[in-house]
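Engineer: here is a sequence with its predicted model. Questions after.
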Amino acid sequence: MKNAHLLRWLPRLLLDVHQKYVCVASRQPALHLGIFDQSRRCVFQIKFFLFISFFLLLASSAAIAQESVCFTCHEDIAKDWQQSIHSKNGISCHNCHGGNPKDADNPMDPKDGFVGKPTETGVPEFCGKCHAGVKENYLKSGHSAALIRGGPNCVTCHTAHKQKRASLDLINKELCTQCHTFDRAEKIRNAMLMSESEITNLEHRIDALHAQEYDIDAVKKSLFATRNQFHRLTHVVDVDLILKETTGIQSEIARLKADVKEKEKIEAKRKIYGSIVIVFFLLGALIFWWYRNTILSD
Amino acid sequence: MFKKIIDAIDRRIELLDLFRQNLSEYPVPAGLNIWYSMGAVLLALFCLEIITGILLLMNYVPHAKEAFASVGYISGVVPFGWLIRRVHAIGANMFVFVLFLHMLSVLLMGSYKKPREMTWVVGCVIFGVTLTTCLSGYLLPWSQLSYWATTVATNSPGSIPVVGDWMVQFMRGSDLVSQRTLGRFFAMHVSLIPFTLLLLIGAHVFLMRRTGISTPPWSKTDKTIPFYPHFVVEDLKVIYFFLAILFAFVFFYPQISFPPDALVPADPLNTPEHIKPEWYFLANYQLLKLVPNEFLGIIVQGLAAGLIFFLPFIDRNNERAAWKRPIFGPLAVFGILAYIALIIWGHYS
């Protein structure tokens, strides 16, 4: 198992090693019953391992995305991939298909974990390696039940290599009517529309605050989690479930909105005080100009 | 009571005499306009930079692992830290901009000519040191922008034959921009450079005081006005005007100094897509891109800098006003326009 697989499983491996050996060595096995914060030492060790593994993962995807030999033969796919959200986030060919992107002679060696192109029915499992929550919801859906009869899988809507950032635009008449009428899809879309537009609006407001150097990391992470939870729901293709879950999502959105509003109020205050300062200096300049041209000119 | 204290001090050290000699009875040409106040604006901005710099220093941590977080702490937790940081960063940009205006006015009004050659030379050194201050300060927040802009900037000398690699190594303290680079740049930015700049500004003001303020080329009279209060009020007017502009950016458009890459911590493994230096280095950056050989590009820039530096000794013509000189005038305007064009080109390239 070389680079790709090693890096994929490294966080887990490190955590296992830590649990089996490090904490046993420090005679604190009870701390692994979910009460980590009782021991700073233990938490620090885990954080350290996770940091190292995350750092290595990041390093490998950022560096390898630039150096992948896959692009030399699969030029068209590379062009599509470059426009994708995967490319933007440093997810390269080998992260999904395995293999060794640095080995120009034999990049597709199964020994390096190369799995190639998945079958139609294997796509949910293939994508679900990373998008586990989405896969879970998809498997509950009518889409999944119809998969064996040629029903839609992930790439039917998201495309294989040109995946855009998921949005409600994906639920559209042109796409859905390839297989069935738009009625049910439209109901789902309408049920999600309000929350989706609120999330999008909140994202813009958070970005504006970030540009003003506000600490919005926590809010941004919460919104990202809410957005993912919300988008995952779509894959069940169940209007009732979406309507039921929307209540919880709405309350989370309301909480985040209150946080953002608080910071926006501070920003508005700053701008008012800023205007006063600017007017003070402009008035001062005017007074000096008047003083120089009237009293001192004599 | 206050007058008694002043009189008591004056009887001992003759302070009022000094005040009369250097301020209230010190004559300056009557036709001075806004361009003659640029030096005073620069002095005010320098003071602002020193004050805000000291305040930032109280909470900044010059370590690669903590620098970005400490800057975030200053902006988010320290009372008025956001204001101090914005004033420092945007004020530095304004300092460079006003310095350009100051040099431009001196160039077009021929104020660098005899007997003010030394004032010009010291001014040029101040300009160079200012750019070094900006470069060293740029790295300190340890953001993606600062890290990669410094990487690009410190790469340039590498193309100089024989000593290039050594120079890069000397500047960075290591092969790549690292903690060692941060340590060096921090030490330079907060100790060596400000004191050097202070000495140079002192020398510049001293030379200006000894040779006197140059009479505007358009002035047809020898009439003078006292420096205080007449010219001081004129200076204050322009200083207040520039401070209003500074605070307009600070409160309403801080993004001018903090683009998105400046808000992300430095990641040596992830190069941002379009990394570019600050606006005052854009002309140099674009010129290096245009000239096929990087070393040749550095030579061209060195020659241009040398020409500007030695200008008072090269240009011996008695006529001061650039607009009255058929060869020098168009050449100077062409040079300025070319410089602005390179900045714009560099920005959009």
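Structural biologist: Noted; the coordinates are in hand.
Engineer: OK, contacts around B:I193?
Structural biologist: By C-beta atoms under 8 Å, 6 or more residues apart in numbering or on different chains, the residues touching B:I193 are B:V129, B:T132, B:T133, B:S136. Bear in mind the C-beta positions are built from the backbone N, C-alpha and C, glycine included.
Engineer: which two in those residues are spaced the farthest apart?
Structural biologist: B:V129 and B:S136 (10.4 Å; C-beta to C-beta).
Engineer: all strands for chain B, in order.
Structural biologist: Ranges of strands in chain B, per DSSP state E, are B:27-29, B:224-226.
Engineer: could you dump those to CSV with mean pLDDT and distance to chain A?
Structural biologist: Shown next, in CSV, are those (pLDDT from 0 to 100; distance: least, C-beta to the nearest C-beta, whole Å):
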stretch, mean pLDDT, distance to chain A
strand B:27-29, 88, 13
strand B:224-226, 88, 8
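Engineer: mean neighbour count added to these, as a markdown table?
Structural biologist: Compiled in a markdown table, the strands of chain B are given as follows (neighbours: other C-beta atoms under 10 Å in any protein chain shown):
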| stretch | mean neighbour count |
| --- | --- |
| strand B:27-29 | 17 |
| strand B:224-226 | 16 |
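Engineer: okay if I get the ones you listed as CSV plus distance to A:S195?
Structural biologist: Conversion of these to CSV gives the following (distance: least, C-beta to C-beta, whole Å):
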stretch, distance to A:S195
strand B:27-29, 68
strand B:224-226, 69
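Engineer: any idea how far chain A is from the residue nearest in space to the middle of chain B?
Structural biologist: Chain B has B:V96 as the residue nearest its centroid, 3.6 Å off, counting by C-alpha atoms, centre = their mean. Counting by C-beta to the nearest C-beta, to the nearest Å, the gap from B:V96 to chain A is 20 Å.
Engineer: any low-confidence regions in the chain?
Structural biologist: All of this refers to chain A. Chain A contains residues with pLDDT under 70 at A:1-67, A:298.
Engineer: correction: the question concerned chain B.
Structural biologist: Looking at chain B by pLDDT under 70, you get an empty list.
Engineer: next, the nearest residue to A:F114 once chain neighbours are set aside: phi, psi?
Structural biologist: Distance criterion C-beta to C-beta, 6 or more residues apart in numbering or on different chains; nearest residue to A:F114, sequence neighbours excluded, is A:G99 at 3.7 Å. Main-chain torsions, A:G99, degrees, to the nearest 10: phi 80, psi 180.
Engineer: of the strands of chain B, which is nearest B:L176?
Structural biologist: Going by C-beta to C-beta, the one of the strands of chain B nearest B:L176 is strand B:27-29, 51.9 Å.
Engineer: on that earlier part again, looking only at neighbour counts, state which of B:V129 and B:S136 leads.
Structural biologist: The neighbour count for B:V129 versus B:S136, taken as other C-beta atoms under 10 Å in any protein chain shown, is higher for B:S136 (22 against 18).
Engineer: can you count the residues close to B:M1?
Structural biologist: B:M1 has 5 nearby residues by other C-beta under 10 Å.
Engineer: any idea how far it is from B:R12?
Structural biologist: 18 Å (C-beta to C-beta, to the nearest Å).
Engineer: try B:G306
Structural biologist: In terms of C-beta to C-beta, B:G306 sits 50 Å off from B:R12.
Engineer: neighbour count winner among these two?
Structural biologist: Between B:G306 and B:R12, counted using other C-beta under 10 Å, B:G306 has the larger neighbour count: 11 against 8.
Engineer: and for B:I9, the neighbour number?
Structural biologist: Neighbour count for B:I9, taken as other C-beta under 10 Å: 12.
Engineer: got it, and B:I13?
Structural biologist: B:I13: 9 neighbours (other C-beta under 10 Å).
Engineer: swap in the one 3 residues further on?
Structural biologist: Residues within reach of B:L16, counting by other C-beta under 10 Å, total 14.
Engineer: quick one: it and B:A8 touch, right?
Structural biologist: No - applying C-beta atoms under 8 Å, one finds B:L16 not in contact with B:A8, separated by 11.9 Å.
Engineer: show me the common contact partners of these two, please.
Structural biologist: By C-beta under 8 Å, 6+ apart, no residue touches both B:L16 and B:A8.
Engineer: quick one on the thing from earlier: dump the contacts of B:I193 to TSV, plus distance to chain A.
Structural biologist: Converted to TSV, the contacts of B:I193 look like this (distance: C-beta to the nearest C-beta, whole Å):
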residue	distance to chain A
B:V129	28
B:T132	26
B:T133	22
B:S136	22
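Engineer: inside helices: which ones of the residues you listed?
Structural biologist: B:V129, B:T132, B:T133, B:S136 (DSSP state H).
Engineer: now the closest residue to B:P226 other than its chain neighbours: how far from chain A?
Structural biologist: Spatial nearest neighbour of B:P226, chain neighbours left out: B:S24 (5.5 Å); criterion: C-beta to C-beta, 6+ apart. B:S24 sits 12 Å away from chain A, going by C-beta to the nearest C-beta.
Engineer: specify the beta-bridge partners of the residue nearest to B:I213 when sequence neighbours are not counted.
Structural biologist: Distance criterion C-beta to C-beta, 6+ apart; nearest residue to B:I213, sequence neighbours excluded, is B:V28 at 5.0 Å. Beta-bridge pairing of B:V28 under DSSP bridges involves B:I225.
Engineer: isn't B:L236 right next to A:W289, touching?
Structural biologist: No - in this structure, B:L236 is not within contact of A:W289 by C-beta under 8 Å, at 9.6 Å.
Engineer: settle it for me: which of these two has more neighbours?
Structural biologist: Set B:L236 next to A:W289 and count neighbours by other C-beta under 10 Å: B:L236 wins out with 21 against 17.
Engineer: separation between the more buried one and B:I51?
Structural biologist: From B:L236 to B:I51 the distance is 18 Å (C-beta to C-beta).
Engineer: alongside chain A, which residues does the stretch 201-349 of chain B contribute?
Structural biologist: Residues of the stretch 201-349 of chain B lying close to chain A (C-beta under 8 Å from any C-beta of the partner chain) are B:225, B:229-230, B:233-234, B:236-238, B:240-241, B:243-244, B:247-248, B:250-252, B:254-255, B:258, B:260, B:263, B:267, B:269-270.
Engineer: now which of those residues would you call buried?
Structural biologist: B:225, B:229-230, B:233-234, B:236-238, B:240-241, B:243-244, B:247-248, B:250-251, B:254, B:258, B:263, B:267, B:270 (16 or more other C-beta atoms under 10 Å in any protein chain shown).
Engineer: which of those residues fall in helices?
Structural biologist: Among these, the ones falling in helices (DSSP H) are B:233-234, B:236-238, B:240-241, B:243-244, B:247-248, B:250-251.
Engineer: nearest the geometric middle of chain A, what residue?
Structural biologist: Note: chain A centre (C-alpha atoms, centre = their mean) maps to A:F224, 6.5 Å.
Engineer: list just the nearest of the contacts of B:I193 to A:K244.
Structural biologist: B:S136 (58.1 Å).
Engineer: list the residues that contact whichever residue of chain B sits closest to chain A.
Structural biologist: Going by C-beta to the nearest C-beta, chain A is nearest to B:F251 of chain B, at 2.7 Å. B:F251 makes contacts with A:R270, A:K271, A:Y273, A:G274, A:S275, A:V277, A:I278, as judged by C-beta under 8 Å, 6+ apart.
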